[in-house]
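> I would like the atomic coordinates for the input below:
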Amino acid sequence: MKLAILSRNSRLYSTRRLVEAARARGHSVRVLDPLRCYLRVSGDGFDMRYKGQPLAGYDAVIPRIGASVMRYASAVLRQFELMGVHTPNPSDAILCAQDKLRAHQMLAAQGIAQPATVFGDSPDDTADLLAMLGPAPHVIKLKEGAQGAGVMLTEKHAASTSVIEALRGLHAQFLVQAFVAEAGGADLRCLVIGGQVVAAIRRQAAEGEFRSNLHRGGHATAVQADEDEIKAAVAAAAALGLGVAGVDLIRSRHNPLVLEVNTSPGLEGIEAATGLDIAGMMVEYALSGVALNKTAARLSKKARS
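This is a model prediction of the structure:
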């Protein structure tokens, strides 16, 4: 089959591994920089080109879309979808997960446990907003971001107020969450593919750091997620409509809490810790949906005729 990978950098570990996994299985694969894809939309249908050449004949596309290019890249992915190309993570699902507030709202609507979160716009409401949340420490997050960027821990109420005032002065949108101290600076990354947790790692923050992201110096070890953690991770991915997701959980006193759902989970840390061919699983899952996608398209065309 013919596979496209949307990625800005073909040298990144995750992108390279996906290419290797696809070729090892006998598939044709090409890495496409989404910012070099350009589109034509008309009543006659859809067209897309890349560096002067038409993009056609692809069976599936795996998106590896970063926050900095999210809007344009998601439009490119949507064009692929409208041209009948299968993707494990649809463009609308990626946009939903990228917006942290919207994602938390969607998870809450499904009764999925998560840290208490507040969001507000007016400076006049800051005191009451924090009162709704409870006493410090607080975690303040930019509404869009990844790999721990734009995430701050404030240990006192006055510090929370100061950071909020500074972010409002920069016209930044942000969330404020309760800090779960019993997590001990660790979280659980569950890799969900096709409604199953195929691997899990425990990420421990570096000394003096509260963020456990591997890009922030965190350390990963393979673990076995328990039944409640598996249910929470699978439910979170399903609530956002994602076939592939890295679901970050923390272990609280009562139940696992979902922190975030990542649509382009990094592969280096989890493959190194578990020894599993995660890239191969992603490729196989992406291509397994091609036949179903084509059948659905034929049925839809038949219904319209």
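> Tell me which stretches of the stretch 201-305 of the chain form strands.
219-222, 244-251, 256-262 (DSSP state E, counting those that start in this stretch).
> Out of those strands, flag the one nearest K2.
K2 lies closest, by CB to CB, to one member of the strands of the stretch 201-305 of the chain: strand 244-251, at 19.1 Å. All C-beta spots, glycine's among them, are computed from the backbone N, C-alpha and C.
> Put the alpha carbons of that closest one into CSV.
Taking Å, rounded to 0.1, in the frame of the first residue of the first chain, the C-alpha atoms of strand 244-251 are listed here in CSV:
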residue,chain,number,x,y,z
VAL,A,244,-3.8,6.5,18.1
ALA,A,245,-3.1,8.5,21.3
GLY,A,246,-0.7,8.9,24.1
VAL,A,247,-2.9,9.3,27.2
ASP,A,248,-1.1,10.8,30.2
LEU,A,249,-2.5,9.7,33.6
ILE,A,250,-1.5,10.3,37.2
ARG,A,251,-2.2,7.9,40.0
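> what's near enough to touch I164?
Shown in contact with I164 (CB atoms under 8 Å, 6 or more residues apart in numbering): T126, I140, F174, V176.
> what does P265 give?
P265 neighbours (CB under 8 Å, 6+ apart): R189, L191, V244, A245, G246.
> now, which of these sits nearest Y58?
V244 (17.5 Å).
> From E182, how far off is R253?
Distance of R253 to E182, computed by CB to CB, to the nearest Å: 6 Å.
> more crowded one of those two?
Legend: neighbour count by other CB atoms under 10 Å for R253 and E182, higher for E182 (9 against 6).
> Let me see the contact set for the more buried one.
Taking CB under 8 Å, 6+ apart, we find E182 in contact with R251, S252, R253.
> Which residue, neighbours along the chain excluded, lies closest to the first one?
Taking CB to CB, 6 or more residues apart in numbering as the measure, R251 lies nearest to A183, with 6.2 Å between them; neighbours along the chain are not counted.
> Let me have the strands of the stretch 201-305 of the chain in CSV, extended by mean neighbour count, distance to Q105 and mean pLDDT.
Below are the strands of the stretch 201-305 of the chain laid out as CSV (neighbours: other CB atoms under 10 Å; distance: least, CB to CB, whole Å; pLDDT from 0 to 100):
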stretch, mean neighbour count, distance to Q105, mean pLDDT
strand 219-222, 14, 29, 86
strand 244-251, 24, 16, 95
strand 256-262, 24, 13, 95
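> right, and those - which one's nearest I5?
When the strands of the stretch 201-305 of the chain are compared by CB to CB, strand 244-251 sits nearest I5, at 12.5 Å.
> Report the strands that pair with the closest one, each with its relative direction.
Partner strands for strand 244-251, per DSSP bridges, with pairing direction: strand 186-193 (antiparallel), strand 256-262 (antiparallel).
> Give me the secondary structure label for the nearest residue to M83 once chain neighbours are set aside.
Leaving out its chain neighbours, the residue that sits closest to M83 by CB to CB, 6+ apart is F46, at 5.1 Å. Put simply, F46 is strand when judged by DSSP: H, G, I helix; E, B strand; the rest coil.
> Thanks a lot, catch you later.
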